[in-house]
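>>> Just need the structure, nothing else, for what follows:
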Amino acid sequence: MRIRPFFKRSLPGAARVAVLMSGSGTNAEALFRFCREHSGLAFEPVVIVTDAPETSRAAALGREFGVPVAALDIKAFYRARGEEAIALTTPRRREIREEWTDELRRLMAPYRVDFAVLAGFVPLTNLTDDLPCLNVHPGDLTIERDGRRLLAGLHFRPVEQAILAGFPTLRSSVILAQPYRGSGAAEMDSGPVLGVSRPMAVDLEGHPLEELARICAARRHSPFHDELRRIAVANLERLKVAGDHVVLPRVTADFAAGRFGVDEEGRLCFLRDGKWLVVRTVEYSVDRSEPVLP
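Residues are numbered from 1 along each chain as shown. Next up is the predicted model:
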């Protein structure tokens, strides 16, 4: 069986990783703490990249963990070109996104990055054309219905979809993000699901599922500020700790060590004890030294 590793560093030493973040940076912080607590890792964060220097915690995390910060404010970039909205809804806005990505490439070039970790990074970017980019997602992306990933989507929506579908547990996923075209809707949350966290029980806080379904059916205009959204957000925050903060650092370590690959039939493979195994994904937890191959 011939396997192509997703990543194999050609130079000696640890892989040089850019950590991209937009907001509170809890996923980035979990990754940095993992690096501080584990020696001999096959990667090292060499730069924090943020699109929101005024509102994110990038500068604070950079100071705390001694990682330089490269900032390119995407909202200011769009405003300087006559656009208030940064959504990829018009040809001009998509053109500006490519200009912004080109500038991001120039900012990152001095750090000689081998791959990137999207740790709560909001803007779509085709840096994924240049180098591998891992992305953490608050939903189990191995679950499919009618050929599509049921729990794709942004922010609290994957958790809300899982609740409404009656799933008793939640997982976080780490994928190898793919380049996008056009608005990016078709490519969002696509790519191989490298790892998932262990299941975390959903907490409906005593609300019957039928009641939450009625709330959803009664919605008319977003944004929604109802009990369903509050419960989804509460579960999302729990999942960050039980899911994102567990699976992201561990997948990053195994990815940097060259343990993920793809065979000639396009199947995901994982290297264990010197042998490549075909897997659907890999399950990670804090209390096992080796991940589980479900």
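>>> And stretch 259-277, how far out from the chain middle?
21 Å (C-alpha atoms, centre = their mean, to the nearest Å).
>>> What is the end-to-end distance of that stretch?
10 Å (C-alpha to C-alpha, to the nearest Å).
>>> May I see the buried residues of it?
259, 260, 261, 262, 268, 269, 270, 271, 276 (16 or more other C-beta atoms under 10 Å). The C-beta positions use only the backbone N, C-alpha and C, and glycine is treated the same way.
>>> Show residues contacting that stretch.
1-7, 176, 192-194, 254, 258, 278-282, 290, 293 (C-beta atoms under 8 Å, 6 or more residues apart in numbering).
>>> mind running it again at 7 Å?
1-6, 192, 194, 254, 258, 278-282, 293 (C-beta atoms under 7 Å, 6 or more residues apart in numbering).
>>> buried residues in the longest helix along the chain?
Criterion DSSP state H: the longest helix present in the chain is helix 91-108. Residues of helix 91-108 classed as buried: 93, 94, 96, 97, 100, 101, 104, 105, 108 (neighbour count, 16+ other C-beta under 10 Å).
>>> Over to stretch 54-70?
Buried, per 16+ other C-beta under 10 Å, within stretch 54-70: 56, 57, 58, 61, 62, 65, 67, 69, 70.
>>> Backbone torsions only: list them for residue 145.
The phi and psi torsions at residue 145 (degrees, to the nearest 10) take the values phi -140, psi 130.
>>> I'd like the average pLDDT over the longest helix of the chain.
Computed over helix 91-108, the mean pLDDT rounds to 96.
>>> If you count contacts, what does that helix end up packed against?
Helices and strands touching helix 91-108, by 3 or more C-beta pairs under 7 Å, 6 or more residues apart in numbering; DSSP states H and E, are strand 43-50, helix 74-79.
>>> Just the angle for that helix relative to strand 43-50, thanks.
Angle, helix 91-108 to strand 43-50, by axes from the mean of the first three to the mean of the last three C-alpha atoms, to 10 degrees: 130 degrees.
>>> And helix 91-108, how far out from the chain middle?
The answer for helix 91-108 is 20 Å, by C-alpha atoms, centre = their mean.
>>> wait, residue 171 sits on residue 243?
Yes - the pair residue 171 / residue 243 is scored as a contact, 6.0 Å apart, by C-beta atoms under 7 Å.
>>> anything in contact with each of the two?
Common neighbours of residue 171 and residue 243 (C-beta under 7 Å, 6+ apart) are residue 197.
>>> Listing request: residues of the stretch 51-200 of the chain with sub-threshold pLDDT.
183-187 (pLDDT under 70).
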